[in-house]
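Engineer: Below is the sequence, then the predicted model.
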Amino acid sequence: MLTRRVLNLKPFGVMEILAKAREMERRGEQIIHLEIGEPDFPTPQAVVEAGIRAMCSGDTHYTEAQGLYELREKIAGIYNYADVGVENVIITGGVSQALNYIISSLVESGREAIIFEPTYPCYSAMIEFYSGRVIRLGLKEDFSPDLDALQEAISSRTSMILINTPNNPTGSYLSLSELRAITEIAQDYGCYVVSDEIYSKLVYDRDRAPSILETGYEKSIVLDGFSKAYAMTGWRLGYLIAPEEIAKIVTRLQQNFFISPSSFAQRAALVAIELREELKEIKKAFNRRRQIVCREVKNTPELEMVEPKGAFYAFPRYSFSMSSVELCSYLLKRAKVALTPGVGFGRAGEGHIRLSYAASEEDLILAFERLREAFSEL
Ligand code: PLP
């Protein structure tokens, strides 16, 4: 008999839309994919070559459970302003696995985790999987966190506040003062603030988004990785930075459940972390697309949105009185544009669609032409 926790696990919504779109493509339809949450660029050549070199030279075995010392050292160096040492860094199979380790370490029956929605749907799925209670706070209209609501929701049962900055799906990121305010509230209850910063390098009005580690709060945990900024989603490599007591527990989890992250992916990551020009080019291309999306949304009277500043998502609100699932299903059939329903990111996302601009400039322009035509028939 299957356990209740696996039976309760819902499918990951984005993947379902992708499956429907792929089915239409098999029937010969031309779909524009704006639902996919991964960069459409290839992994930079220097990184691929480093991976191949590692494999060819026999680097195809387990590494230490925490990950390669050199890689952890390099990652610690990025956060030198926050007194991060090698002992605080654990390399994981993507941020997904880091989330799994952290949530399973901090959440159990009788404990609560606070999240701000709309946000990445796997958070609530994982918290519930580990029998925790999810406390969902809606972001404000401008996608900033409601700190009064946080103050009211937090209690001695709260084990963590889980934030995502820059945010999937809104594209907004938290300012340092907002991060500080969150940690001040957390401090009164001694709970952890877990910050998923996977899009930290993909912000377009500064070098990188502020990190929770800049607040100096001692119970801060950062999750980040190589998937998004370096177009390395398939390499499955991420990391977490945590206080030593948590890092030690996560090491034990990794030893028992995964042994170690991929050896050659870590060797490739040693090269990725040093890339400057390639990252600049990726950001430049995303920024151009972001500007196209902002312009096109302005030219579409049925849509309005808060300008996204980070990640590669836009999250416009639409003016029709239909659910986001109905609208996205209509748009896939009628406009042949695949988008993600806002409600997939929590109830607070209803009335929105998420558009990923990990697509070419031509496709983005064509998608908006098709969307406007489909909207005009509603
Ligand atoms: N966190 C957020 C907010 C994401 O959007 C995603 C992927 O879309 C992930 C984590 C997963 O990251 P990884 O590929 O490192 O597992």
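Structural biologist: Received, thanks.
Engineer: Run through the residues that contact the residue in the stretch 51-200 of the chain that the ligand sits nearest to.
Structural biologist: Residue of the stretch 51-200 of the chain nearest the ligand, by C-beta to the nearest ligand atom: residue 94 (2.6 Å). Where C-beta positions appear, they are placed from N, C-alpha and C, glycine not excepted. Residue 94 makes contacts with 225, 227, 236-238, as judged by C-beta atoms under 8 Å, 6 or more residues apart in numbering.
Engineer: again, only this time at 6 Å
Structural biologist: Residues near residue 94 by C-beta atoms under 6 Å, 6 or more residues apart in numbering: 225, 236, 238.
Engineer: Put together a markdown table for the residues you listed, with pLDDT and distance to the ligand on each row.
Structural biologist: Listed next are the contacts of residue 94 as a markdown table, based on pLDDT from 0 to 100; distance: C-beta to the nearest ligand atom, whole Å:
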| residue | pLDDT | distance to the ligand |
| --- | --- | --- |
| 225 | 97 | 4 |
| 236 | 98 | 7 |
| 238 | 98 | 4 |
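Engineer: can you pull out the helices in this structure?
Structural biologist: Remark: helices assigned in the chain by DSSP state H are 4-7, 13-26, 45-56, 69-78, 94-106, 122-129, 147-153, 176-187, 244-257, 263-272, 277-298, 324-334, 361-376.
Engineer: Can you dump the C-alpha atoms of stretch 197-208 in PDB for me?
Structural biologist: C-alpha atoms of stretch 197-208 as PDB (Å, rounded to 0.1, in the frame of the first residue of the first chain):
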ATOM      1  CA  GLU A 197      18.400  32.700  -4.100                       C
ATOM      2  CA  ILE A 198      18.700  30.600  -7.200                       C
ATOM      3  CA  TYR A 199      18.000  33.600  -9.400                       C
ATOM      4  CA  SER A 200      20.400  35.900  -7.400                       C
ATOM      5  CA  LYS A 201      22.700  36.600 -10.400                       C
ATOM      6  CA  LEU A 202      19.800  37.300 -12.800                       C
ATOM      7  CA  VAL A 203      18.800  40.800 -11.800                       C
ATOM      8  CA  TYR A 204      18.800  43.600 -14.300                       C
ATOM      9  CA  ASP A 205      19.200  46.800 -12.400                       C
ATOM     10  CA  ARG A 206      22.200  45.800 -10.300                       C
ATOM     11  CA  ASP A 207      24.900  43.100 -10.200                       C
ATOM     12  CA  ARG A 208      23.100  40.700  -8.000                       C
END
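Engineer: Tell me which residues are up against it.
Structural biologist: Residues outside stretch 197-208 that contact it (C-beta under 6 Å, 6+ apart) are 95, 166, 173, 209, 211, 222, 224-225, 228-229, 287, 309-311.
Engineer: The residues you listed in strands, which ones?
Structural biologist: Counting by DSSP state E, the part of these found in strands is 222, 224-225.
Engineer: and the helix or strand bottoming out on mean pLDDT in the chain, does that touch the ligand?
Structural biologist: One helix or strand of the chain scores below all others by mean pLDDT, DSSP states H and E: helix 13-26, with a mean of 84. No: Helix 13-26 does not reach the ligand (C-beta under 6 Å from any ligand atom); its nearest approach is 8.1 Å.
Engineer: Up against the ligand, what does the stretch 151-300 of the chain have?
Structural biologist: By C-beta under 6 Å from any ligand atom, the residues of the stretch 151-300 of the chain that approach the ligand are 164, 168, 196, 198, 225, 227, 233, 238.
Engineer: Quick check: the fourth one vs residue 321, distance?
Structural biologist: In this view, residue 198 and residue 321 are 34 Å apart by C-beta to C-beta, to the nearest Å.
Engineer: With residue 343 instead?
Structural biologist: 14 Å.
Engineer: which one of these two has more residues nearby?
Structural biologist: Counting neighbours by other C-beta atoms under 10 Å for residue 343 and for residue 321 shows that residue 343 has the greater number, 20 against 6.
Engineer: what's the burial count for the closest residue to residue 147 other than its chain neighbours?
Structural biologist: Spatial nearest neighbour of residue 147, chain neighbours left out: residue 181 (5.3 Å); criterion: C-beta to C-beta, 6 or more residues apart in numbering. If you count neighbours by other C-beta under 10 Å, residue 181 ends up with 17.
Engineer: isn't residue 181 right next to residue 146, touching?
Structural biologist: No: proximity of residue 181 to residue 146 does not meet the contact threshold set by C-beta atoms under 6 Å, at 10.9 Å.
Engineer: Close to the ligand: what parts of the stretch 1-150 of the chain are there?
Structural biologist: Close to the ligand, as judged by C-beta under 6 Å from any ligand atom, the stretch 1-150 of the chain has residues 37, 94-96, 120.
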